[in-house]
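A.B. asks: Okay, sequence plus prediction incoming.
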Amino acid sequence: MSEPRIVTRSGSGYVLHLGKDERALVARLLDELRELVDEPDEAAAARLFPVVHADDEVREAEYQRLTRADLVTSRIAAIDAVGTVLARTGRKVALDEDELLAFMQSVNALRLVLGTVLDITEDDDLAPSETLAALPEYQLYGYLSWVLDATVQALSGAG
């Protein structure tokens, strides 16, 4: 039996196949993400605002000063768009490409934050320790990874 698809193509758009409980979970996580994005010193959100000039603190500070507000605005806009999508009724929710891109961006941001909190490395992604794999947060990370992969595949035409 094949694995169920989370995102499929439908005509010129896409369909998100998430049940009510799954949509509520993602919506709750996005509400928490919104709070993190607005907190400039929140360590959990560090990966959402990448360091570009690691070897030059002055240039990095200037880069962050110039770009952070735009990144925050972009992330909040994506979260808002996804919130609107998740509020739609029915198990199958129709999306256009822009909505699916916002969904992908937001799910990836959730994964980045969760991965930071769990201190996940590339090695952990490939073969997590038993201790890490047993954590409910790691299970959530795995679920979000699966959703992200399905979204990327749908956008690339593979799903």
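C.D. replies: Sure, I can see it. Residues are numbered from 1 along each chain as shown.
A.B. asks: Can you give the contact residues for the helix or strand harbouring residue 15?
C.D. replies: Applying DSSP states H and E as the criterion places residue 15 in strand 13-17. The contact list for strand 13-17, computed with C-beta atoms under 8 Å, 6 or more residues apart in numbering, reads 4-9, 85, 91-97, 99-100, 103, 154-155. The C-beta positions use only the backbone N, C-alpha and C, and glycine is treated the same way.
A.B. asks: by contact count, what packs against the helix or strand residue 61 falls within?
C.D. replies: Assigned by DSSP H and E, residue 61 belongs to helix 57-86. On a contact count with 3 or more C-beta pairs under 8 Å, 6 or more residues apart in numbering; DSSP states H and E, helix 57-86 meets helix 20-37, strand 92-95, helix 97-118.
A.B. asks: contacts for the second one?
C.D. replies: Read it as strand 92-95. So strand 92-95 is contacted by 10, 13-18, 23, 85-86, 88, 103 (C-beta under 8 Å, 6+ apart).
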